[in-house]
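> The sequence and its predicted three-dimensional model are supplied below.
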Amino acid sequence: MTHKSDPTTIDTKYWHLLEDGRVQCDLCPRFCKLHEGQRGLCFIRANQDNRIVMTSYGLSSGYCIDPIEKKPLNHFLPGTPVLSFGTAGCNLACKFCQNWDISKSREIHTLADSASPELIARAAKELNCRSVAYTYNDPVIFHEYAIDVAKACHEVGVKSVSVSAGYVCPEPRAEFYQHMDAANIDLKAFDEDFYHKLTGAHLQPVLETLQYLYHDTDVWLETTTLLIPGKNDSDKELEEMTQWVVENLGPDMPMHFSAFHPDYKMMDIPSTPKETLIKAREIAMKNGVRYAYTGNVHNQAGDSTYCHHCGTTLIGRDWYELSEWNLDAQGHCKSCGTACAGVFEEKPGQWGRRQQPVHLADFAV
């Protein structure tokens, strides 16, 4: 329900009253307990009149057409354009946030663009985007808006992509992912101490989200780990992480290892060496991960997709540009006929590496 005085504020359903008069938000495992007028850590959910409301419905930090590989999703409609947007705020407190100007914003003017779900769907369709991505900050916190956008997109044949840290409670998680077609989950580390000290969150709920998505939904799933020198890049941790992935999620789920650059509250940490990413990819593949990638560095070998049976280059990539395509109409290797895991069409998209800002007002009727 929207509020007549402020259409960007809507009622939510994942909360309950506490005996001391506060209201607990039950959307994510942070379980913010709020007095009247207080906002949660995410900033956009608040206690208003003894209930939790979302205060940024229909607002965005801006829209841009990206290559789907930038999400990153390498096995979901490769080469196609995706209309991307986010809001202000986040339910994690990562000291290394690479989008901190958006996700850590506490200023409503960050939300410079506004659009109804129907307008976003229409714009995506007219722009020939095959999907819409909820990204830049975490769509968990704009749960209701993202679901409404996804519903509108599906009505016009546009798919939905969630780029998330996976820090969400079971009931809202199930509702949310009923409407998603693909997801990239940030597996930020494989260490509880890292999660607690550097993100203000916990590892176990993220692992549960990964297992839920892989085993209980049809959502196409990939993961990303930002490797931070001296924090989560040890061989031991990478061995444990990749072994867990193969044992719990199977060998076909793609893993992305991306380079950190100094930002936000971790300006004293150096950028990730390219060699660290290459080694992480090698560890993953040694442990049975069939599709492992490097990110945020130029490395064609680490960008490309190979047949796990015969080694043929199935999808060649140079940054976000596709250079080779050796899959048949069913997504099988043209050389040996082995299936490649993913969501593919007969031909890849031709969007390339372009990024194109979009003003939704141009599509208003």
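Looks like it arrived, so ask away. Residues are numbered from 1 along each chain as shown.
> Going along the chain, name the helices of the stretch 51-200 of the chain.
100-103, 117-126, 143-155, 170-177, 192-194 (DSSP state H, counting those that start in this stretch).
> can you redo the ones you listed as a markdown table with mean pLDDT?
Listed next are the helices of the stretch 51-200 of the chain as a markdown table, based on pLDDT from 0 to 100:
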| stretch | mean pLDDT |
| --- | --- |
| helix 100-103 | 52 |
| helix 117-126 | 96 |
| helix 143-155 | 98 |
| helix 170-177 | 98 |
| helix 192-194 | 97 |
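> which regions of the stretch 201-350 of the chain lie under the pLDDT threshold?
For the stretch 201-350 of the chain, the stretches with pLDDT under 70 are 264.
> those strands in it, which residues are they?
For the stretch 201-350 of the chain, the strands defined by DSSP state E, counting those that start in this stretch occupy 220-227, 255-259, 292-295, 305-306, 313-318, 321-325.
> just to revisit the earlier point, save the helices of the stretch 51-200 of the chain as JSON lines, and put in distance to residue 18 and mean neighbour count too.
To be clear about C-beta, it is placed using only N, CA and C from the backbone, and glycine gets the same treatment. Formatted as JSON lines, those follow (distance: least, Cβ to Cβ, whole Å; neighbours: other Cβ atoms under 10 Å):
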{"stretch": "helix 100-103", "distance to residue 18": "28", "mean neighbour count": "19"}
{"stretch": "helix 117-126", "distance to residue 18": "33", "mean neighbour count": "21"}
{"stretch": "helix 143-155", "distance to residue 18": "21", "mean neighbour count": "21"}
{"stretch": "helix 170-177", "distance to residue 18": "18", "mean neighbour count": "18"}
{"stretch": "helix 192-194", "distance to residue 18": "27", "mean neighbour count": "12"}
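> Make JSON lines from those and add distance to residue 359 to it.
Converted to JSON lines, these look like this (distance: least, Cβ to Cβ, whole Å):
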{"stretch": "helix 100-103", "distance to residue 359": "18"}
{"stretch": "helix 117-126", "distance to residue 359": "9"}
{"stretch": "helix 143-155", "distance to residue 359": "17"}
{"stretch": "helix 170-177", "distance to residue 359": "28"}
{"stretch": "helix 192-194", "distance to residue 359": "39"}
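> So for residue 352, which of those sits nearest?
helix 117-126 (18.1 Å; Cβ to Cβ).
> helices or strands next to that closest one in the packing?
Other elements packing on helix 117-126 under the criterion 3 or more Cβ pairs under 8 Å, 6 or more residues apart in numbering; DSSP states H and E are strand 81-85, strand 131-134, helix 143-155.
> redo that, cut-off 6 Å
If you count contacts as 3 or more Cβ pairs under 6 Å, 6 or more residues apart in numbering; DSSP states H and E, helix 117-126 packs onto helix 143-155.
> so how far is the helix it packs on from its chain's centroid?
From the chain centre to the centre of helix 143-155 is a distance of 16 Å (Cα atoms, centre = their mean, to the nearest Å).
> contacts for it?
The contact list for helix 143-155, computed with Cβ atoms under 6 Å, 6 or more residues apart in numbering, reads 54, 57, 117-118, 120-121, 132, 134, 139, 160, 172, 176, 179.
> Max pairwise distance over these: which two?
Farthest pair in those (Cβ to Cβ) is 118 and 172. Separation: 23.2 Å.
> and this protein, what are its domains?
2-54, 59-301+343-358 (automatic domain parsing).
> will you turn these into a markdown table that also has distance to residue 330?
A markdown table is the format used below for these (distance: least, Cβ to Cβ, whole Å):
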| stretch | distance to residue 330 |
| --- | --- |
| domain 2-54 | 39 |
| domain 59-301+343-358 | 8 |
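> now, of those domains, which is deepest in the fold?
Each of these was scored by mean neighbour count; the highest is domain 59-301+343-358, a mean of 20, by mean count of other Cβ atoms under 10 Å.
> Count the neighbours of the nearest residue to residue 122 once chain neighbours are set aside for me.
The shortest distance from residue 122 to any residue other than its chain neighbours is 5.7 Å, reached at residue 363 (Cβ to Cβ, 6 or more residues apart in numbering). Residues within reach of residue 363, counting by other Cβ atoms under 10 Å, total 18.
> Kindly provide the distance from residue 363 to residue 127.
Distance of residue 363 to residue 127, computed by Cβ to Cβ, to the nearest Å: 8 Å.
> Check residue 4 and give its pLDDT.
Reported pLDDT at residue 4 in the predicted model: 44.
> coming back round to it: and the helices of the stretch 51-200 of the chain: which comes nearest residue 293?
When those are ranked by proximity to residue 293 (Cβ to Cβ), helix 192-194 comes first, at 21.5 Å.
> Before I go, just wanted to say thanks for your time.
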